[in-house]
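**Student:** sequence-free structure coming up:
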């Protein structure tokens, strides 16, 4: 199994990761400004999770995409690509200068992730409800190949309305895939506003399907690090971490919107956004 960096000072690590999360949010704004719009609300909401996963949990070996036994991350919500491009750029895996091309014709930085176009993208997203099934298959494949590394997958609360998600949850528990960790982004929104179909209790549902479950504030880095440590130690069952996140986290004018799914920011608002995130030359 790949070695994981384990800084002895947790407070210092949280501070370091907070700076990484801010850097990710800045990179997302650069993309959205280049396009004039984008799925910014959700991306901002999972910036803390991605900072913890990529810059605390993953080692350099895990970011070597030629390694067959690396830890893997599947982004089921392909429209969160704005966050994926930000984290890959921050990790030095794609050129940050390409970020303003987000969503442009011919750019590999598409508004929904496509496998094979950018290194580090493990699946084609966009059609929701596929990620947990793909990750379950990957975790079973790792077991058959004798690999011990974890398979991480992010999915949204909206995807819990897809029957395929629960078919995968049943299979993962039946096979006892304890190297599988599902991170559920519970932000309470869908395309047209707040969710209207009740999916609660999310934690209780996964527990009933035979998963080990933890529920956290997905914008609290200390809780995210605790959840990562718990997932490494918990054995015998697949793990689900229910993350309560806030769409638009870090930009007040987006956090306060009822509709933060697909965001357009007026030209006269960009300077205020840049000041809030302390973005130079935005």
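**Tutor:** That came through fine. This is a predicted model, so every value here is computed, not measured.
**Student:** secondary structure element holding the residue nearest to residue 210 when sequence neighbours are not counted?
**Tutor:** Of all residues not flanking residue 210 in the chain, residue 173 sits nearest, at 3.3 Å (CB to CB, 6 or more residues apart in numbering). To be clear about C-beta, it is placed using only N, CA and C from the backbone, and glycine gets the same treatment. Per DSSP states H and E: residue 173 is located in helix 163-175.
**Student:** so which elements touch the next helix or strand after that helix?
**Tutor:** Moving toward the C-terminus from helix 163-175, the next helix or strand (DSSP H and E) is strand 180-186. Where contact means 3 or more CB pairs under 8 Å, 6 or more residues apart in numbering; DSSP states H and E, strand 180-186 is packed against helix 131-145, strand 151-156, helix 202-208, strand 239-244.
**Student:** please enumerate the helices of the stretch 1-150 of the chain.
**Tutor:** Under the criterion DSSP state H, counting those that start in this stretch, helices of the stretch 1-150 of the chain are mapped to 10-35, 40-45, 47-52, 81-90, 131-145.
**Student:** now residue 202: closest residue in space, sequence neighbours ignored.
**Tutor:** Leaving aside its chain neighbours, residue 202 sits nearest to residue 242 (5.0 Å; criterion: CB to CB, 6+ apart).
**Student:** no wait, residue 175
**Tutor:** Distance criterion CB to CB, 6+ apart; nearest residue to residue 175, sequence neighbours excluded, is residue 140 at 5.9 Å.
**Student:** ok, that neighbour to residue 171 distance?
**Tutor:** 8 Å (CB to CB, to the nearest Å).
**Student:** same thing with residue 248?
**Tutor:** Distance of residue 248 to residue 171, computed by CB to CB: 34 Å.
**Student:** ok, these two, which is more surrounded?
**Tutor:** A side-by-side neighbour count of residue 248 and residue 171, using other CB atoms under 10 Å, places residue 248 first with 23 against 18.
**Student:** any figure for the gap between that one and residue 100?
**Tutor:** From residue 248 to residue 100 the distance is 20 Å (CB to CB).
**Student:** again, but for residue 36
**Tutor:** 11 Å.
**Student:** of the two, which one has the most company?
**Tutor:** Legend: neighbour count by other CB under 10 Å for residue 36 and residue 100, higher for residue 100 (16 against 12).
**Student:** verify the contact between the more buried one and residue 28 for me.
**Tutor:** No: taking contacts as CB atoms under 8 Å, residue 100 lies outside contact range of residue 28: 11.7 Å.
**Student:** just want the phi and psi numbers for residue 248.
**Tutor:** phi 80, psi 10 (degrees, to the nearest 10).
**Student:** chain neighbours aside, what residue packs nearest to it?
**Tutor:** Here the residue nearest residue 248, using CB to CB, 6+ apart, is residue 254, at 2.9 Å.
**Student:** what about that neighbour, how many neighbours?
**Tutor:** Quick note: residue 254 (other CB under 10 Å) scores 23 neighbours.
**Student:** over to the one 10 residues further on?
**Tutor:** With neighbours defined by other CB under 10 Å, the count for residue 264 comes to 11.
**Student:** that one and residue 188, how far apart?
**Tutor:** Between residue 264 and residue 188 the distance is 21 Å, computed by CB to CB.
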